[in-house]
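Trainee: got a structure for you, letters missing:
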């Protein structure tokens, strides 16, 4: 800025998890500023942390060509190739895509007056533009642009000082986040085929570790099993287990159950279901997808974190 040079894009060649602490902190600070676009070349080229990814011709899941090991501290997800192929070839993914498209299109038509009013309120509260987007890993690790209604004001004050997130969030924005109204624009992501109504929620690039790569086998969702079972209050390890469990057990009945529980979360707030979390770990352990340390039982404590 001092020399009149504007940087608007930084291309990161290495996977985020392989960078040093100082480089990670620098990239996180740049990403939070939203003034410079970060492009992660590994994800943009369709590679999943250096592993080739195949996408089912049926439009279903994506899976690694080799045996996949997803390490979770000293617990690992181990999904054999035959299991990955079985998941990818399930007919439900075709049915799910059709149902998702129909629901999203119908919701946009029915809710269009409400969405217009909401957009006007956002414009009056935080200004233009009323939408913002973030790039996140989607199906097979490919980047997608996830859209939301803006809930935060500009990052800098009129005198150029950086504002904290607490100072930027409007009252309307806080209410929209609690009720999940800011997520409605993602219905257009569902129409485009980037997302599903139900599926693992897409993480930020720096949150998407190799330990959680199994969640990229299906399209990310507006809502998911991890969100209705624990939401923001459970550990990333529990979320990973719940997402992998969903990938293994996805069905129309389960999707309807998650959709109904999402409505309850919107009305009454998030509640942790310890029984569902423990069932996910138990089922993954019994099926051999999770390899537990010798003599350990789930849930176990790893570094003081229950998984």
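Mentor: Sure, I can see it. Because the structure is predicted, anything quoted here is derived from the model rather than measured.
Trainee: alpha carbons only for contacts and neighbour counts from here, please
Mentor: Will do.
Trainee: flag every buried residue along stretch 138-153.
Mentor: 138-144, 146-153 (16 or more other CA atoms under 10 Å).
Trainee: just the strands in the stretch 1-150 of the chain please.
Mentor: Applying DSSP state E, counting those that start in this stretch to the stretch 1-150 of the chain gives strands spanning 9-12, 37-40, 53-55, 62-64, 68-72, 75-79, 131-137, 143-149.
Trainee: tell me which other helices or strands the second one touches.
Mentor: Judged by 3 or more CA pairs under 8 Å, 6 or more residues apart in numbering; DSSP states H and E, strand 37-40 is in contact with strand 9-12.
Trainee: the strand it packs on pairs with which strands, parallel or anti?
Mentor: strand 37-40 (parallel) (DSSP bridges).
Trainee: now do the buried residues in the strand it pairs with.
Mentor: So for strand 37-40, counting by 16+ other CA under 10 Å, buried means 37-38, 40.
Trainee: now it: mean pLDDT?
Mentor: What strand 37-40 shows for mean pLDDT is 80.
Trainee: and stretch 9-19, by the same measure?
Mentor: Mean predicted lDDT for stretch 9-19 stands at 82.
Trainee: how long is it end to end?
Mentor: 18 Å (CA to CA, to the nearest Å).
Trainee: distance from that stretch to the middle of the chain?
Mentor: Taking the mean of its C-alpha atoms, stretch 9-19 sits 19 Å from the chain's own mean (CA atoms, centre = their mean, to the nearest Å).
Trainee: residues in contact with it?
Mentor: 24, 36-42, 49, 205-206, 209 (CA atoms under 8 Å, 6 or more residues apart in numbering).
Trainee: check which residues of that stretch are buried.
Mentor: 15-16.
Trainee: ok, back up a step: among the buried residues of stretch 138-153, which pair sits farthest apart?
Mentor: 140 and 153 (33.0 Å; CA to CA).
Trainee: centroid-nearest residue for the protein?
Mentor: With distances taken as CA atoms, centre = their mean, residue 202 lies nearest the centre of the chain, 1.4 Å away.
Trainee: for the nearest residue to that residue once chain neighbours are set aside, give its distance to residue 122.
Mentor: Once flanking residues are discounted, residue 202 sits nearest to residue 220: 5.5 Å by CA to CA, 6 or more residues apart in numbering. The gap separating residue 220 from residue 122 is 26 Å, by CA to CA.
Trainee: flag the shaky bits of the stretch 1-150 of the chain, pLDDT-wise.
Mentor: 1-5, 33-34, 43-44, 46-80 (pLDDT under 70).
Trainee: the residue nearest to residue 202: how many residues sit nearby?
Mentor: By other CA atoms under 10 Å, 26 other residues sit near residue 220.
Trainee: that one and residue 196 touch, don't they?
Mentor: Yes: applying CA atoms under 8 Å, one finds residue 220 in contact with residue 196, separated by 6.0 Å.
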